[in-house]
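Colleague: fold the following and give me the result.
(4 chains)
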Protein chains: 2
Amino acid sequence: MYAAIDEYVSRCTTLSSEELEYFHSMLQPHKISKKSWLLREGEISEYEAYVVKGCLRKYCMDDDGAEIILQFAIEDWWVGDIASFTMQTPSNVYVQALEDSELLLIHHDDKEQLFQRVPAFERMFRLMLQRSYMVLQDRFVDTLARPADERYLHFLEKYPGVVQRVPQHYIASYLGITPEFLSRIRSRLAKKA
Amino acid sequence: MYAAIDEYVSRCTTLSSEELEYFHSMLQPHKISKKSWLLREGEISEYEAYVVKGCLRKYCMDDDGAEIILQFAIEDWWVGDIASFTMQTPSNVYVQALEDSELLLIHHDDKEQLFQRVPAFERMFRLMLQRSYMVLQDRFVDTLARPADERYLHFLEKYPGVVQRVPQHYIASYLGITPEFLSRIRSRLAKKA
DNA sequence: CGTCTATTTGAATGTACTCAAAAGCGGTGG
DNA sequence: CCACCGCTTTTGAGTACATTCAAATAGACG
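Modeller: Coordinates of the predicted model:
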């Protein structure tokens, strides 16, 4: 259960076995079934989730009611609404399972306590956040500077395995295009090869 | 010199006067003249900058050599390349002054030391980063979901004062459109009113 | 005043969208 | 096991938002 997350932590920092055990005690194993939500718009995010097994999506609604996918989270990713979680304010995003999934949840209050007791975690989560920021910035630049077909190819490279697991119209949403247009892109690419 | 940044810090955390003084000792006042760079692509970012007075832009180049503006930084903003600064790797962004500006710089090593000595700063910079992340995410969603004319109006609301200080084609770049198109948007809006 | 850069305007083009309908696919129940 | 239902993907035609290229105009600065 904890092998993968321990490996994750060890890439950021080194902990004593007591610290690691304390960390484990803050985590709540949680199963979530396909299509159910971990968080909905308007709710206050109590937990952040580490994905042990499965696949989720984080998305928001624009004013026209269209969904915009912000993140896919598969094994070894964290997912949550940073804004709602840290400020304990109503969320404007949804987090939904795309497959039956196994998560490790950390509660807001436990995370604060963890930071107090083991400052190395404050650092770890700061580094995680930095990484998320860089990923988002790259994606933003990509979206502005590249046409949709290139963005799709980049996506295939960056997230191998996700395409096979996720319905195509979600990928279109992630890329910022309509499902119809992604379909056309794929058929064009298929012809070339 | 330090009044504004102290106010900034006090919005995040409370410090003793020794801690505050120690913080000041880590900051280097720095003047930078219009059109010169604080950081160029390929360089390793040594400093992050707090803007006391003036205006800067952070931007990157796409593969076609077109500039994409990532951030404007005016008074009371921090600016820097998070990726290059934290990982001490070559930057892929530029930070350039758009006006003669006064900055307070913090060196990478000094920031690390600051985190060691005053853990409250680790927290402060994590909160700053969280805010940056949320701002970027909002902008990203805006860019995907909204047409350019609405994005322009949002920009005017969110950053009042920037439009007057910054050449229009930079704003177009920030919005992810061509200068010609922004010009048309503005003339359309002018007709309506 | 002249030069250089920024902005505006025009015409043609392209990328991506909308709406509509057909085809494909997967799960469920008879 | 097959038939049916709902959802996803594909295909087609018309459209819109935004771009490119070119040229004219306006502004800023020495």
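Colleague: what average pLDDT does the lengthiest helix in chain A get?
Modeller: Looking across chain A with DSSP state H, the single longest helix is helix A:119-145. Averaged across helix A:119-145, the pLDDT comes to 93.
Colleague: so it, near chain B or not?
Modeller: Yes: shown here: helix A:119-145 in contact with chain B (CB under 8 Å from any CB of the partner chain) through A:119, A:122-123, A:125-127, A:129-130, A:132-134, A:136-137, A:139-141, A:143-145. From N, CA and C alone the C-beta is placed, and that goes for glycine too.
Colleague: same question, stretch A:46-64
Modeller: Yes: on the criterion CB under 8 Å from any CB, stretch A:46-64 is in touch with chain B at A:60, A:62-64.
Colleague: do that stretch and DNA strand D meet?
Modeller: No: counting by CB under 7 Å from any atom of the strand, DNA strand D has no neighbours in stretch A:46-64; the shortest distance is 11.8 Å.
Colleague: buried stuff in that stretch?
Modeller: For stretch A:46-64, the neighbour count (16 or more other CB atoms under 10 Å in any protein chain shown) marks A:46-52, A:54-60 as buried.
Colleague: reformat those as JSON lines; add distance to residue B:35.
Modeller: As requested, the buried residues of stretch A:46-64 are exported to JSON lines (distance: CB to CB, whole Å):
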{"residue": "A:46", "distance to residue B:35": "49"}
{"residue": "A:47", "distance to residue B:35": "48"}
{"residue": "A:48", "distance to residue B:35": "43"}
{"residue": "A:49", "distance to residue B:35": "47"}
{"residue": "A:50", "distance to residue B:35": "46"}
{"residue": "A:51", "distance to residue B:35": "47"}
{"residue": "A:52", "distance to residue B:35": "52"}
{"residue": "A:54", "distance to residue B:35": "51"}
{"residue": "A:55", "distance to residue B:35": "48"}
{"residue": "A:56", "distance to residue B:35": "46"}
{"residue": "A:57", "distance to residue B:35": "44"}
{"residue": "A:58", "distance to residue B:35": "40"}
{"residue": "A:59", "distance to residue B:35": "41"}
{"residue": "A:60", "distance to residue B:35": "39"}
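Colleague: out of those, which is nearest to DNA strand C?
Modeller: Nearest to DNA strand C among the buried residues of stretch A:46-64: residue A:55, at 14.2 Å, using CB to the nearest atom of the strand.
Colleague: give the contact list for residue A:83.
Modeller: Residue A:83 sits next to A:89, A:91-92, B:130, B:134 when contact means CB atoms under 8 Å, 6 or more residues apart in numbering or on different chains.
Colleague: where do the strands sit along chain A?
Modeller: Assigned by DSSP state E, the strands in chain A fall at A:27-32, A:37-39, A:47-53, A:55-61, A:67-74, A:78-79, A:94-97, A:101-107.
Colleague: is it possible to get TSV of those that adds mean pLDDT?
Modeller: Putting the strands of chain A into TSV (pLDDT from 0 to 100) gives the following:
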stretch	mean pLDDT
strand A:27-32	96
strand A:37-39	96
strand A:47-53	97
strand A:55-61	96
strand A:67-74	96
strand A:78-79	98
strand A:94-97	97
strand A:101-107	97
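Colleague: and residue B:37, which of these is closest to it?
Modeller: Residue B:37 lies closest to strand A:67-74 among those, at 32.5 Å (CB to CB).
Colleague: residues in contact with residue A:1?
Modeller: Residue A:1 makes contacts with A:29, A:52, A:104, as judged by CB under 8 Å, 6+ apart.
Colleague: if we can go back for a sec, how about the contacts of residue A:83, which pair is most distant?
Modeller: Maximum pairwise distance among the contacts of residue A:83 (CB to CB): 15.2 Å, between A:92 and B:130.
Colleague: have a look at those two and say which one is more surrounded.
Modeller: residue B:130 (20 against 15; other CB atoms under 10 Å in any protein chain shown).
Colleague: from what I see, that one and residue A:128 are in contact.
Modeller: No: Residue B:130 lies out of contact with residue A:128 (CB atoms under 8 Å); the separation is 11.2 Å.
Colleague: what do the two both touch?
Modeller: Among the neighbours of residue B:130, none is also in contact with residue A:128 (CB under 8 Å, 6+ apart).
Colleague: who's in contact with residue A:130?
Modeller: B:82-83, B:86, B:129.
Colleague: identify the farthest-apart pair in the residues you listed.
Modeller: Among the contacts of residue A:130, the pair separated by the greatest distance (CB to CB) is B:83 and B:129, at 12.0 Å.
Colleague: ok, now how distant is the closest residue to residue A:139 other than its chain neighbours from DNA strand C?
Modeller: Using CB to CB, 6 or more residues apart in numbering or on different chains and skipping the chain neighbours, the partner closest in space to residue A:139 is residue B:140 (7.3 Å). As judged by CB to the nearest atom of the strand, to the nearest Å, residue B:140 and DNA strand C stand 15 Å apart.
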